[in-house]
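1. Model the structure of this input:
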Amino acid sequence: MIRRAAQAAGDGQPCGKAYRHGTYKVHNCPDWSPSGSIPVHKSPRKGTIVGYINPSGDDWYLCEKVGARYTLGRYQNFWWAATMADNNKWGYVNEVYFRGGGNNEPDAGLHTCSGPGGKQLPQ
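-> Residues are numbered from 1 along each chain as shown. Reported below is the predicted structural model:
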């Protein structure tokens with residue numbers, strides 16, 4: 001079992017409080033990208049990119065779950081956050097694109113996706 005409180009203790013810029021975005025309970029999270037664009041993957045196992053968030057900044061996310069390790073320069077993380085790309089396709093963003101946390105840490109303000117294997121994304 002992963003100890004969230006200990007891992008997220010160093011998160012200086014956690015996601016904000018939950019609010020309603022249409023029918024979904026979401027959190028705004030401070031994100032970034034060296035290119036200004038964040039890839040949204042079909043699953044937290046990396047794989048296919050279904051779209052992008054353009055530009056990065058402060059975007060909404062549903063929840064987070066553990067997946068494949070992802071590396072971006074000196075940053076790495078196995079936590080992924082569920083969201084919708086700008087082209088309205090659902091997917092996951094690796095948390096290397098989140099501001100404030102350390103390598104392989106979950107976000108201190110985002111809740112874990114519930115259910116076996118995590119929350120099923122809307123279609």
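
2. Can you tell me how far Arg69 is from Glu95?
-> Applying C-beta to C-beta, to the nearest Å, the value for Arg69 to Glu95 is 11 Å. C-beta: built from backbone N, CA, C; applies to glycine.

3. Which one's more surrounded, those two?
-> Glu95 (28 against 14; other C-beta atoms under 10 Å).

4. quick one: common contacting residues for Arg69 and Glu95?
-> The contact sets of Arg69 and Glu95 overlap at Asn77 (C-beta atoms under 8 Å, 6 or more residues apart in numbering).

5. Which residue ranges of the protein form helices?
-> Secondary structure of the chain, counting by DSSP state H: helices at 4-7.

6. what is Lys25 paired to in the beta sheet?
-> Counting by DSSP bridges, Lys25 forms beta bridges with Arg20.

7. Neighbours of it, how many?
-> Residues contacting Lys25 under the criterion other C-beta under 10 Å number 11.

8. Is it correct that Cys63 is in contact with Trp79?
-> No: at 10.6 Å, Cys63 and Trp79 do not qualify as touching, with contact defined as C-beta atoms under 8 Å.

9. Stretch 100-109 - what's its average pLDDT?
-> Taken as a whole, stretch 100-109 carries a mean pLDDT of 91.

10. again with stretch 31-48
-> Averaging pLDDT along stretch 31-48 yields 92.

11. Can you pick out the residue with more neighbours from Cys63 and Trp79?
-> Looking at Cys63 and Trp79 with other C-beta under 10 Å, you find the greater number of neighbours at Trp79, namely 28 against 21.

12. Export stretch 88-100 to CSV, keeping only CA atoms.
-> Output in CSV follows, covering the C-alpha atoms of stretch 88-100 (Å, rounded to 0.1, in the frame of the first residue of the first chain):
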residue,chain,number,x,y,z
ASN,A,88,-12.7,16.4,-25.8
LYS,A,89,-11.1,12.9,-25.5
TRP,A,90,-10.7,11.4,-22.1
GLY,A,91,-7.3,10.1,-20.9
TYR,A,92,-4.5,10.5,-18.4
VAL,A,93,-1.7,13.0,-17.9
ASN,A,94,1.5,11.9,-16.1
GLU,A,95,2.2,13.9,-13.0
VAL,A,96,5.7,14.9,-14.1
TYR,A,97,3.6,17.7,-15.7
PHE,A,98,2.3,18.8,-12.2
ARG,A,99,4.0,21.7,-10.4
GLY,A,100,5.3,21.3,-6.8
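
13. That's all I had, so thanks and see you.
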